[in-house]
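> sequence-free structure coming up:
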């Protein structure tokens, strides 16, 4: 059974058709839009500040979303995929973004729309990721522009796939938005 807990009387809020895996953890001031999913061993921890997610956000296995006490909430737009074991902390991620497996996005970063953070990239504190770009490396730097093919073939495809994958678990869904 998923761990879904209030913190200081702030309860997680779920949109329509959200999937939460049985061993995911969601606590505190967390607000999810419609068609979101939080996968196995993922943690969304809104205990020290707010976490707000738009529609069609998937938080893949082992990923962690957190924020900074009294400083930086985490704001995530629509159609965002957060890859396996990624860390998203106290930052803003706009619409149509793919954050690759094992990537780290630190406090006060802004990841603009139609962007990709490559697997394993470390986006240092305060970095502004240009709209329509791919950032890679440690520390992450712009490596190229995102083509329309990548927006459709990767960003949109992955977000849509995770809505489909979540449908496989409807009968086991632990989300209060069932």
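Sure thing, it's come through. Owing to the predicted nature of the structure, the values given are computational and were not obtained by experimental measurement.
> Now do the helices in the protein.
Counting by DSSP state H, the chain has helices at residues 148-150, 157-167.
> how about low-confidence regions in the chain?
Applying pLDDT under 70 to the chain flags residues 172-178.
> By residue count, which strand of the protein is the longest?
strand 43-53 (DSSP state E).
> I'd guessed residue 33 sits against residue 17; true?
No. Between residue 33 and residue 17 there is no contact under CB atoms under 8 Å: 10.1 Å. (Each C-beta comes from the backbone N, C-alpha and C, glycine too.)
> Nearest to the middle of this structure, which residue? Look it up for me.
The chain has residue 82 as the residue nearest its centroid, 4.3 Å off, counting by CA atoms, centre = their mean.
> and that residue, how far is that from residue 8?
Note on residue 82: its distance to residue 8, by CB to CB, to the nearest Å, is 25 Å.
> Residue 150: how many residues sit nearby?
Residues near residue 150, counting by other CB atoms under 10 Å, number 18.
> wait, I meant residue 22
12.
> Same question for residue 148.
9.
> same deal with residue 17?
Count around residue 17 with other CB under 10 Å applied: 18.
> Next: the one 10 residues further on.
When neighbours are counted by other CB under 10 Å, residue 27 registers 19.
> Pull the number of nearby residues for the residue nearest to it when sequence neighbours are not counted.
In space, residue 27 comes closest to residue 5 once its chain neighbours are excluded; the distance is 4.5 Å by CB to CB, 6 or more residues apart in numbering. Burial of residue 5 is recorded as 14 neighbouring residues (other CB under 10 Å).
> List the residues that contact residue 5.
With contacts defined as CB atoms under 8 Å, 6 or more residues apart in numbering, residue 5 is in contact with 12, 26-28.
> rerun at 10 Å
11-12, 25-28, 45, 47 (CB atoms under 10 Å, 6 or more residues apart in numbering).
> Residue 139 too?
Per CB under 10 Å, 6+ apart, neighbours of residue 139: 104, 106, 121-125, 127.
> are any of these buried, and which?
The neighbour count (16 or more other CB atoms under 10 Å) marks 104, 106, 121-123, 127 as buried among the contacts of residue 139.
> now, which of those lie within strands?
Reading strands off the buried ones among the contacts of residue 139 with DSSP E, I get 104, 122-123.
> Would you mind giving these as TSV with distance to residue 53 added?
Formatted as TSV, those follow (distance: CB to CB, whole Å):
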residue	distance to residue 53
104	18
122	22
123	18
